[in-house]
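J.: Got a predicted structure plus its sequence, pasted below:
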Amino acid sequence: MRTLTILGSTGSIGTQTLDVVRSNPARYRVGYLTTNRRGQLLAEQIREFSPTGVVAFDPVVAQQLRAEFGSQLEVLEGEEGACTVASRPEVDIVVSALVGFAGVGPTIAAIQQGKRIALANKETLVAAGELITRLLKQHNAELIPVDSEHSAIYQCLVGESSAEIEQLILTASGGPFRELPADQFQHITPAQALRHPNWSMGPKITIDSATLMNKGLEVMEARWLFDVPPENIDVVVHPQSIIHSMVQFVDGSVKAQLGLPDMRLPIQYALGWPQRIPNEYQRMDLPLIGSLAFAQPDFQRFPCLGLAFDALRRGGTAPAILNAANEIAVAQFLDGQLRFTDIPRCIERALERAEIVDSPSLTDILTADARTRADVRRENASTK
Ligand code: NAD
Ligand code: MG
């Protein structure tokens, strides 16, 4: 029986993780759950899973939960609360499923206690990949990817030597605007961008998938997870999302991992590794799928992908700056304050303006993140 902390249990990955727990009551128990401010959903989760404690980032929500459940369980708040429940000694696995840079602190707290981390929060590796890699070694912690592409690569690498990797090939669905002509991009609305063809996910990653920034962030994630330089990472558009990613080896042989697009599969793989957990989920029917298509990504219509490769090659705090600018731009696009085509423009300007620090410490990364957020907000407020 393994005890879990689920950071972000009220989100898309968090609720799907609880679904895996629900199907495997003899393997997993819930230690701690966290939310930003979705108190009602967290209350339902408390009633169903009886955790030892919970965290709400929002102090008002924490207060409400304390009033209702304070006599039965521990209710903590803020980032400090999340770091506390990520480090508790009885916790075996921390599922890192917050969205955005908010995931960095609690993920580091889990690493420092040598936990297994099932990592969904890609922004942690994007903003602090070099530092995280160092901390993982230092604390003998285990990072197993939840992102479907990285889970696929992880599975392809079982029994292989990393010295024999020639190329990582990340697949991308291409998002809802894969075939949209360039002159239409400026008119894209949040409602259109939130309609992803293959996956149902939180709003931030859904917009990232529409700009292809999600794939850019995943290239960075792959760079750190598998220690492969950017020139050996390729992206191929594959609209059916059946091949989740591939590895090409030095002899030209390519291994791929396939499956229906269902995030519960990579989630349960990360929880169960090295074991596979049986399930009754729907199986893939290749004749029904019929054919698989592939295409080159279009860097012209989707400039975010190129910006991500550039930031990764530049290194230092450049990826943290790109990530912070993207988070603000996406939030402002969803609020109706920016056009879709303003997202890459904001990021490009943020990178041009910033002073990039090499081999950054955590303080350098936190500073770059905070400064970029303030700069992008100020600049966008003044251009309105
Ligand atoms: P989501 O928006 O559905 O959920 C985010 C969770 O984090 C919620 O529980 C929310 O309450 C909490 N949260 C949000 N902002 C917070 C903050 N500032 N402080 C503390 N808690 C906060 O997001 P999601 O789609 O589940 O994505 C989570 C992470 O997993 C992201 O990094 C995303 O890129 C990654 N990911 C998601 C999917 C997917 O299918 N949803 C697939 C691959 C990777
Ligand atoms: Mg992914």
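T.: Yep, that arrived. None of the values given here were measured: they were computed from a predicted structure. Residues are numbered from 1 along each chain as shown. Ligands and ions are numbered 1, 2, ... in the order given.
J.: all contacts plus neighbour counts: C-alpha atoms, from now on.
T.: OK.
J.: per-residue confidence averaged over stretch 202-210?
T.: Averaged across stretch 202-210, the pLDDT comes to 97.
J.: ok, and for it, which residues are buried?
T.: Across stretch 202-210, burial judged by 16 or more other Cα atoms under 10 Å covers 203, 204, 205, 206, 207, 208, 209, 210.
J.: Wondering if that stretch reaches ligand 2 at all.
T.: No. Legend: contact between stretch 202-210 and ligand 2 by Cα under 5 Å from the ion is lacking; minimum distance shown is 8.7 Å.
J.: From the chain's centroid, how far away is that stretch?
T.: 10 Å (Cα atoms, centre = their mean, to the nearest Å).
J.: residues near whichever residue of the stretch 201-350 of the chain sits closest to ligand 2, how many?
T.: Residue nearest to ligand 2 within the stretch 201-350 of the chain: residue 218 (6.7 Å; Cα to the ion). A count of neighbours around residue 218, defined by other Cα atoms under 10 Å, yields 24.
J.: So it is in contact with residue 122, correct?
T.: Yes. Using Cα atoms under 8 Å, residue 218 is in contact with residue 122, at 7.1 Å.
J.: so is the residue nearest to residue 139 when sequence neighbours are not counted in a helix, a strand, or just coil?
T.: Excluding its sequence neighbours, the residue lying closest to residue 139 (Cα to Cα, 6 or more residues apart in numbering) is residue 114, at 5.3 Å. Three-state call for residue 114 (DSSP: H, G, I helix; E, B strand; the rest coil): coil.
J.: since we're on residue 114, how many residues are nearby?
T.: 21.
J.: What does it show for phi and psi?
T.: When read as degrees, to the nearest 10, the backbone of residue 114 gives phi 70, psi 30.
J.: what about residue 148, neighbour count?
T.: The burial count assigned to residue 148 is 25, neighbours taken as other Cα under 10 Å.
J.: repeat for the one 10 residues further on
T.: The local packing of residue 158 (other Cα under 10 Å) involves 10 other residues.
J.: so who does the closest residue to ligand 1 within the stretch 251-384 of the chain touch?
T.: Residue of the stretch 251-384 of the chain nearest ligand 1, by Cα to the nearest ligand atom: residue 263 (5.8 Å). Taking Cα atoms under 8 Å, 6 or more residues apart in numbering as the criterion, residue 263 is in contact with 13, 16, 146, 148.
J.: so what's the first one closest to, chain neighbours aside?
T.: Spelled out, it's residue 13. residue 97 (6.1 Å).
J.: That neighbour and ligand 1, how far apart?
T.: Residue 97 sits at a distance of 4 Å from ligand 1 (criterion: Cα to the nearest ligand atom, to the nearest Å).
J.: Go ahead and confirm that residue touches residue 10.
T.: No. Taking Cα under 8 Å as the definition, residue 97 is not a contact partner of residue 10, at 9.4 Å.
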